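Q: got a predicted structure plus its sequence, pasted below:
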Amino acid sequence: MPDITSLPSHPPEADSGPDAIPCHPLGVKPSGNALLAATHSLRDAIGAFQRLPDDLILLSLEVLDGASLLQIGQTCKAFYAFTRAEELWKALFVRSPRESFTWRGTWRSTYLNLPASKVPMIDCSQLFSDALYRPFNCAHVALEPYVTKIPARNQITRLPDMSLDEFHTNWTDRPFILTEPVKAWPVYKNWTVGTLLARHGQTQFRAEAVDWTLRTYGDYMADNADESPLYLFDRAFVSKMGLSVGPPKDTPDAAYWPPPCFAEDLFSVLGEDRPDRQWLIIGPERSGSKFHKDPNATSAWNAVLRGPKYWIMFPPSGKQPPPPGVFVSEDQSEVTSPLSIAEWLLGFHAEARRTPGCVEGICGEGEILHVPSGWWHLVVNLEPSIAITQNFIPRAHLTSALDFLTNKPDQISGFRKDVEDPAQRFVSRMRESYPDLLDQAQEELQKKAEGKKRKWEDIVHGKPDDPNEQSAEGGFSFGFGDDGSDVEVP
Ligand SMILES: O=C(O)CCC(=O)C(=O)O
Ligand SMILES: [Fe+2]
């Protein structure tokens, strides 16, 4: 959560210019405004609840059903404003999916099936609440200042195209954008939100926790004011849309094909048992992906068909801490970062931009970006966007993939439930198809593990000639994990 001082403390209506935040629909203001407010606060009417901070009131309201929220919202203006919080209604809606409904611009109106004309606009301008104002502010904050003036040292390299050899020799550990290959894809030429709606409007696609028809999702895209817009991320789109995928020489009716530099994918030795690998991604402006690393230590490509995406990326955190504002549990299984992309931009973008290792870039329509294995990335759509992404293991990252699969079994994801022991299965299929690559990778893993073990023994038994491990006072200091790898001590 960013420092509360990052919220403007002046009345929002005083703003002007193209980046101005509009007035909150109920007139709610950031809490700083209370200092100069001449009159009472609407909060005075909530009785004993006044003892609770706003965040706790919102948290308490989460246990109520729709009817109870409506009732408590009728008791006073302050509770009316609290019960208008969209997150409450989104949670209720997602918990009780419906066969058929109309998207009505907000989660509350959709849950209650209220046309816009029936939603009262009650004046709550004497309510000063960061908890209520913050999501509204984040949903309207201008993205432009964060995605422009990228320092030259941070710019992601842009190239027309690349061969498989070039990729394997120089680029498997570096993000880059290719500007040419996607422009030859039929889906680049033909897909817009409109053409997809016309052809697949009644097809259901997965958007986070819900399955909606594309028609409904299109309505949502065109009319929502969410701080973190619902993001369509569907792994079964190829079959749902009846697409052919593959190099045009083998697949004359191909809708798209991975560029040759990304053609090798060692997970393909698993055939039907491979984990999920490709997703259709659709979202409105401001939707996107918070900081994460891709699953199973895979690399990925992300091809933009419509609507540019801003990317900010950091190398694997062997030596360095994770990106500013991102907190990771010791085994890296849990990633905690601020609630929304906008909150991260407000609170941490400036620091991130100054942090060594940071790279940034805009991947435009018809361009494709490489995400190397283990890299952190946050992505935000600058306009309504359609993209396709695919994950893969190039030979240069076989060791990291084996390391992940064997040493982090609880973090493996994307395999069908009936695929038992995916790590072992991958190793035995690699033994059949690429024995030399497997030997080499296993040897490398072994060496890294021995290096770690030696370091551990040096620490435990002392190594007096190493100043890093024995302090001047004879104390003990830890110097672990400085070879940049995430290999566990076996
Ligand atoms: O397009 C996006 O939101 C980013 C998706 C992503 O994280 C990826 O392709 O690895
Ligand atoms: Fe990703």
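A: Structure's in. What do you need? Ligands and ions are numbered 1, 2, ... in the order given.

Q: switch to C-alpha atoms for all contacts and neighbour counts from now on
A: Will do.

Q: residue numbers of the stretch 251-400 of the chain in contact with ligand 1?
A: Residues of the stretch 251-400 of the chain lying near ligand 1 by Cα under 6 Å from any ligand atom: 288-289, 294, 300, 302, 379, 389.

Q: for the residue of the stretch 51-200 of the chain at minimum distance from ligand 1, what are its contacts?
A: Taking Cα to the nearest ligand atom, ligand 1 has its nearest neighbour within the stretch 51-200 of the chain at Pro175, 11.6 Å off. The contact partners of Pro175, taken as Cα atoms under 8 Å, 6 or more residues apart in numbering, are 156-157, 369-372.

Q: what's the farthest-apart pair in these?
A: Comparing all pairs in the contacts of Pro175 by Cα to Cα, the longest separation belongs to Thr157 and Pro372, at 13.4 Å.

Q: helix or strand right after the helix or strand of the chain with the lowest mean pLDDT?
A: Ranked by mean pLDDT, DSSP states H and E, the weakest helix or strand in the chain is strand 335-336, scoring a mean of 78. Counting by DSSP states H and E, the next helix or strand C-terminal to strand 335-336 is helix 341-354.

Q: among the contacts of Pro175, which ones are buried?
A: 156, 369-372 (16 or more other Cα atoms under 10 Å).

Q: among the residues you listed, which ones are in strands?
A: Mapping the buried ones among the contacts of Pro175 onto strands (DSSP state E) picks out 369-371.

Q: list just the nearest of those to Pro409.
A: Val371 (22.6 Å).

Q: in stretch 304-320, which residues are buried?
A: 304-318.

Q: quick check: the farthest pair among these?
A: Maximum pairwise distance in the buried residues of stretch 304-320, criterion Cα to Cα, is 34.8 Å, between Arg306 and Gly318.

Q: report pLDDT for Val487.
A: In this model, Val487 is scored at 29, pLDDT.

Q: the stretch 251-400 of the chain: helices as residue ranges?
A: Remark: helices assigned in the stretch 251-400 of the chain by DSSP state H, counting those that start in this stretch are 341-354, 398-407.

Q: and the longest one, which residues are buried?
A: Within helix 341-354, the residues that qualify as buried by neighbour count (16+ other Cα under 10 Å) are 341-349, 352-353.

Q: quick one: low-confidence ranges for this structure?
A: 1-19, 38, 319, 452-490 (pLDDT under 70).

Q: per-domain residue ranges of it.
A: As given by automatic domain parsing, the domain ranges for the chain are 4-140, 145-411, 434-490.

Q: now the ones you listed in a markdown table, with distance to Lys417?
A: Formatted as a markdown table, the domains of the chain follow (distance: least, Cα to Cα, whole Å):
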| stretch | distance to Lys417 |
| --- | --- |
| domain 4-140 | 24 |
| domain 145-411 | 10 |
| domain 434-490 | 25 |
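
Q: what's the most buried one of those?
A: domain 145-411 (a mean of 18; mean count of other Cα atoms under 10 Å).

Q: quote the end-to-end distance of it.
A: 36 Å (Cα to Cα, to the nearest Å).

Q: please name the nearest non-neighbouring residue to Ala121.
A: In this structure residue 121 is Met, not Ala. Leu26 (6.2 Å; Cα to Cα, 6 or more residues apart in numbering).

Q: how much space is there between that neighbour and Ser41?
A: From Leu26 to Ser41 the distance is 14 Å (Cα to Cα).

Q: check Cys261 too.
A: Applying Cα to Cα, the value for Cys261 to Ser41 is 62 Å.

Q: got the contact list for Pro97?
A: Applying Cα under 8 Å, 6+ apart, the residues near Pro97 are Val210.

Q: in what helix or strand does it lie?
A: Counting by DSSP H and E, Pro97 is part of no helix or strand.

Q: next one: phi and psi at it?
A: phi -60, psi 150 (degrees, to the nearest 10).

Q: check the one 3 residues further on too.
A: When read as degrees, to the nearest 10, the backbone of Ser100 gives phi -140, psi 140.

Q: please apply the same query to the one 10 residues further on.
A: Note on Thr110: backbone dihedrals following degrees, to the nearest 10 are phi -70, psi -40.

Q: thought it was touching Trp103?
A: Yes - counting by Cα atoms under 8 Å, Trp103 is a contact partner of Thr110 at 5.4 Å.
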